[in-house]
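1. Sequence and computational prediction follow.
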Amino acid sequence: MSATLRQRLGALAEQRAEAFLQARGLQPIARNVRFRGGEIDLVMRDADEVVFVEVRARASRGWGGAAASIDARKRRRLRLAAQLYLLQQHGNGHWPACRFDVVAIDADSVDWIRGAFGSG
């Protein structure tokens, strides 16, 4: 089955975001981690922190741009997916420090929002 245009554009945005973050010292751990409750676009390491990255891309900044498209429902789904990822990787033991970042791509502009939202 071939990917839709939207899926291909999403994959390109994720590749661009990953390269952008790697150029700033983050190391990739995983991409497109899927669970029943949600998906994590990128999992990266920033020193001792695990970073769950949501990548959003828009052709323009209209309607608030890419970052504004992450609503409360999406944040809940990301938190759930992150918890499931941590349980899968670390069990109920010691979880590493982690944060949620957003890479918002609006046309040719890339905006990295560190600690975009909390874990609670």
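-> That came through, no problem.
2. Please point out which parts of stretch 11-21 sit buried.
-> Burial within stretch 11-21, assessed by neighbour count using 16 or more other C-beta atoms under 10 Å, is assigned to 13, 14, 17, 18, 21. For glycine as for every other residue, the C-beta is placed from the backbone atoms N, C-alpha and C.
3. Just send those back as TSV, with secondary structure, pLDDT and distance to residue 104 too.
-> As requested, these are arranged in TSV below (DSSP: H, G, I helix; E, B strand; the rest coil; pLDDT from 0 to 100; distance: C-beta to C-beta, whole Å):
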residue	secondary structure	pLDDT	distance to residue 104
13	helix	89	10
14	helix	92	13
17	helix	95	9
18	helix	96	14
21	helix	97	13
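4. of these, closest to residue 71?
-> residue 13 (18.5 Å; C-beta to C-beta).
5. List phi and psi for the nearest residue to that closest one once chain neighbours are set aside.
-> Distances taken as C-beta to C-beta, 6 or more residues apart in numbering put residue 57 closest to residue 13, at 3.7 Å, once the chain neighbours are dropped. Per-residue torsions, residue 57: phi -130, psi 140 (degrees, to the nearest 10).
6. same check, this time on residue 90
-> phi -130, psi 0.
7. which residues in the protein form helices?
-> 5-22, 72-90 (DSSP state H).
8. could I get those as TSV with distance to residue 46?
-> Putting the helices of the chain into TSV (distance: least, C-beta to C-beta, whole Å) gives the following:
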stretch	distance to residue 46
helix 5-22	8
helix 72-90	15
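9. now for those, which one comes closest to residue 37?
-> Closest among the helices of the chain, using C-beta to C-beta: helix 72-90, at 4.2 Å.
10. CA atoms only for that closest one - export them in CSV, please.
-> The C-alpha trace of helix 72-90 is given here as CSV (Å, rounded to 0.1, in the frame of the first residue of the first chain):
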residue,chain,number,x,y,z
ALA,A,72,-5.5,19.3,24.9
ARG,A,73,-6.6,16.0,23.4
LYS,A,74,-3.4,15.6,21.5
ARG,A,75,-1.3,16.4,24.6
ARG,A,76,-3.2,13.7,26.6
ARG,A,77,-2.5,11.2,23.8
LEU,A,78,1.2,12.1,23.7
ARG,A,79,1.5,11.8,27.5
LEU,A,80,-0.2,8.3,27.4
ALA,A,81,2.1,7.1,24.6
ALA,A,82,5.1,8.4,26.5
GLN,A,83,4.0,6.6,29.7
LEU,A,84,3.5,3.4,27.7
TYR,A,85,6.9,3.8,26.0
LEU,A,86,8.6,4.3,29.4
LEU,A,87,6.8,1.2,30.8
GLN,A,88,7.9,-0.8,27.8
GLN,A,89,11.5,0.3,28.0
HIS,A,90,12.0,0.6,31.7
